[in-house]
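Sequence plus the predicted model coming up.
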Amino acid sequence: MSRRRSLHLGIGLTLVLLLAAAVVVSYLWLPFAPDDTSGGRLSPPGDGHLLGTDKLGRDLFTQLLLGGRIAFATGIGAVAVGSLLGVSFGLLAGFATRWLDDAAAVALDILIAFPTLLLAMIIVAGAGASLGAAILAIGIGMAAIVARLTRVLVKQVLAREYITAARVAGISWPRIVASHILPNIAPTLMVNLALQAGLAVLAEASLSYLGLGTPPPNASWGRMLFEAQATALTAPVAALAPGIALVALVIGLNLTADGLRDLTDPTRRRARTATSPASSTSPATTPETAATPASEPAAATAASATAAATATASAAASAAERDISPRRAAGADGVAEPSDPTGRSER
Amino acid sequence: MTEPILQADQVGFAYRGGVPVLSEVSLAVHAGQNVALVGESGAGKTTLLRILLGLARPTSGVVRFDGMPLTRGRLRSYRRTAQAVFQDPYSSLDPRHTVGRIVAEPLRGLGLGADPVKVASALDAVGLPEDAASRYPHEFSGGQRQRIAIARAIVGEPRLLLADEPVSALDLTTRVRIVDLLADLRTSHGLTILLVSHDLGVVAELCEQTAVLERGRLVEQGPTTQILGAPTHPYTRKLLASVPRLPS
Amino acid sequence: MSLLSVDSLGVRDQSGRSLVSDVSFAVEPGDRIGLIGESGSGKSLTALAVMGLLPPGLTASGGIELDGVDMIRAPERRRTGVRGRVASVVFQEPLTALDPLMTAGRQIAGPLRRFQGMKGAALDEAVRAALDEVRLTDTDRIARAYPHQLSGGQRQRVAIAMALACRPKLLIADEPTTALDVTVQAEILDLLDRLVDVHGTALLFITHDLPVVARVARQAHVLRAGRVVESGPITELIAHPTDPYTRTLVDSARRFDAALRGAHDD
């Protein structure tokens, strides 16, 4: 499990960082000037043109690099807007109770149901087609999703006893948010934001394809696709290049998201270094524990998944899962739990 | 008798539009006299404890601390006096903080100066090794986690400890050790304990006074020997008769 | 032949670490056996292995024969045939053991329909009788209720009714009262006691709580770190524990018992 995750993280980060490096290079050096049309229309690769030229005679590779700038700007910008708005609103909604809580939940559901593309058209209609308008539209659409997730995560953390303990310890709410709530919701949020970044890049490509994104002459992968589609059969490279770049970035971000889950969890961080001094003697490493948190939905899925089994068997399976999996997962990663250690330190 | 450290006077609590969770609960904790609050789930023990911790306001009645009503302004000084231990040692420790940071939390929150020496001596008092401070909660067993929680509660040297079912999630042998620890702390740190529990054995072991809560009302209270030795209320009797006993 | 024979059972996890080793015991028809152990003792894993329900990643070795079926190596189809009909389980937390989307009545009807082919009015009657038997009055309301609409005690009674509906020869109870209030615990123990008596069901009772197991079991095995450290009649174990760990357990239980008794005698 963990090994697969770190493989994902490795591949994902490699893809994203390679593309990011190319974008950084584009600011220092470009093979041709963006508006250099000296290469002739739709010429095949060669003659200094790594990927050939587009139908206006501009160097395709240069256009691809310029499109990369837009893709990254969108990903970063939309995630910034989305997380800033989404996390703030989600935090507030997470603290809301009674009718205010219901109202927040409904408002978020409505916002999420509102298509990002429609939102983009409204914003573009008001502000004109620009990269900023596209980022704003995508960011706002993302904010609703992030806010809904944040709200649920905050509520989960608020129900933990360590929050009550912090209040009894005299910690103020803002500091509880900073030191307990944000760190505990951050890993799940980060995974989600990495996924959202991929979706944002795709959304910008769609908007540009529809002419609602970055206006010409700026290159965007979405518009490159649009412009290449008429000649896709005769000059396939012009369509394939932005397509592959887009897919590579989105897959890279998704794999990164998947791999990220491990990184910020101290249980797993420790597991990898596994140098706990108490790990030498551990007879008590079996999966039984009185306080294993059992989640109802998990049991429900387990129960329905084993619908074919007898009722007792399915009940057993779900209970077994509840009892075993947290520790087993830890066991698989080589976490050696100390045995009831109090036994050693005491009479 | 001297002034009680903590006193609930005719405390009632109800959610808006709901049936009362607590009605006219009067209870006093005197220094040196551990008090047990006994009752079953749904009796209102947790709500009463939240009110006594200043986490919820009673809808009627008053909570007094050192004889004066517990107001917002006095909350900070109250919390230097009274700290808490909770039931579930898996939920009460932030998995992302080191043990040292967890134990130091009241020092930071109550402006007592986050002195690592105090943290080390609190860990020592609960029988945890020195290097525990740099480790994370998941590296410890249930019993040890409860020790960490107790260290956090006593680090600021409070006079009163409000303990919500502190041993009910633990194995029997671990339970004995934690009860021993609480009894030790009482003498070594001059702690008085308000123990919320449904385990009458633990109550008999630790507390001089017992109050029995049933459906939001105190049905019986007095010296533990009297309540458990000669219960007068039928509910207390039923509770006592239900405790599984070893064959003699 | 024993109803259940467990012969040097071992359970290992994926990394090969031993969680249960060399556990042997037998259950005859009508027996009442206690498996006593604290967290990490392997008592619940032993119970799961007996039912052939070890979670993926854990492997069992040794022998488990339940009513003539090899619960480690027999094909899944044969093991499924044993579950519910020959042996069934009641767990600690009935809320997770019951299907949240199904009414109590339908959950109890499930095994009756499957194993005994009941339907229609006969099935309804059997469900009502099963609820009656676990002392759930107001059977119609309970039968229509979803698990979350019932109290912890009621849920555990439904789980017991479900487990006993098909009159299994063996009932495995895994900490069935740990999550319950002490008065409800006493009622559930009484109920189990009476039901296994009436039906001659063998009982395998798993717990960390010595006084509780003393209440329902006759024989007991004490487990620690995956091994049996002591076996014998439960009264004997409590009166004269020979293993140091058993003695610690007994002493712990006696502490609170004595404190209570002290309060009584005053």
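Nice, thanks for sending it over.

Nearest to chain C within chain B, name that residue for me.
Chain C sits closest to residue B:201 of chain B, with a gap of 2.6 Å, by Cβ to the nearest Cβ. Where C-beta positions appear, they are placed from N, C-alpha and C, glycine not excepted.

Just confirm that residue is within a helix.
Yes: judged by DSSP: H, G, I helix; E, B strand; the rest coil, residue B:201 forms part of a helix.

Please enumerate the strands of the stretch 1-150 of chain C.
For the stretch 1-150 of chain C, applying DSSP state E, counting those that start in this stretch gives strands covering C:4-12, C:18-27, C:32-36, C:59-66, C:69-70, C:87-90.

SS state for the spatially most central residue of chain C?
Of all residues in chain C, the one closest to the mean position by Cα atoms, centre = their mean is residue C:173, 1.1 Å from it. Here residue C:173 is strand, with the state taken from three-state DSSP.

Single out the most deeply packed of the strands of the stretch 1-150 of chain C.
Burial of the strands of the stretch 1-150 of chain C is given as mean neighbour count (mean count of other Cβ atoms under 10 Å in any protein chain shown); strand C:87-90 ranks first at a mean of 28.

For that strand, name the packing helices and strands.
Packing partners of strand C:87-90 (3 or more Cβ pairs under 8 Å, 6 or more residues apart in numbering or on different chains; DSSP states H and E): helix A:311-332, helix C:152-164, strand C:170-174.

what pLDDT, on average, does the longest one get?
So that's helix A:311-332. The pLDDT scores in helix A:311-332 average 33.

Could you do the second one as well?
Averaging pLDDT along helix C:152-164 yields 87.

in chain C, which spans are helices?
Secondary structure of chain C (DSSP state H): helices at C:43-50, C:76-82, C:94-97, C:104-116, C:120-133, C:139-144, C:152-164, C:182-199, C:210-216, C:234-239, C:244-265.

rewinding a little: may I see the strands of the stretch 1-150 of chain C organised as JSON lines, with mean pLDDT and distance to residue B:8 added?
Listed next are these as JSON lines, based on pLDDT from 0 to 100; distance: least, Cβ to Cβ, whole Å:
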{"stretch": "strand C:4-12", "mean pLDDT": "92", "distance to residue B:8": "51"}
{"stretch": "strand C:18-27", "mean pLDDT": "92", "distance to residue B:8": "48"}
{"stretch": "strand C:32-36", "mean pLDDT": "94", "distance to residue B:8": "40"}
{"stretch": "strand C:59-66", "mean pLDDT": "91", "distance to residue B:8": "54"}
{"stretch": "strand C:69-70", "mean pLDDT": "90", "distance to residue B:8": "60"}
{"stretch": "strand C:87-90", "mean pLDDT": "89", "distance to residue B:8": "40"}
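
contacting residues around the residue nearest to the centre of chain C?
By Cβ atoms under 8 Å, 6 or more residues apart in numbering or on different chains, residue C:173 lies in contact with C:89-90, C:192, C:203-206.

Highest neighbour count among these?
Using other Cβ atoms under 10 Å in any protein chain shown as the neighbour test, the contacts of residue C:173 are led by residue C:89, with 29 neighbours.

mind listing the strands for chain B?
B:6-14, B:20-29, B:35-38, B:60-65, B:68-69, B:82-85, B:160-164, B:192-197, B:209-214, B:217-223 (DSSP state E).

from those, which stretch is densest packed?
Mean neighbours per residue, mean count of other Cβ under 10 Å, is largest over the strands of chain B for strand B:35-38, with a mean of 28.

Could you count how many residues lie near the residue of chain B closest to chain C?
27.

Could you report the separation of the closest residue to it other than its chain neighbours from chain A?
Closest residue to residue B:201 apart from its sequence neighbours, by Cβ to Cβ, 6 or more residues apart in numbering or on different chains: residue C:256 at 2.6 Å. Using Cβ to the nearest Cβ, to the nearest Å, one obtains 17 Å as the distance from residue C:256 to chain A.
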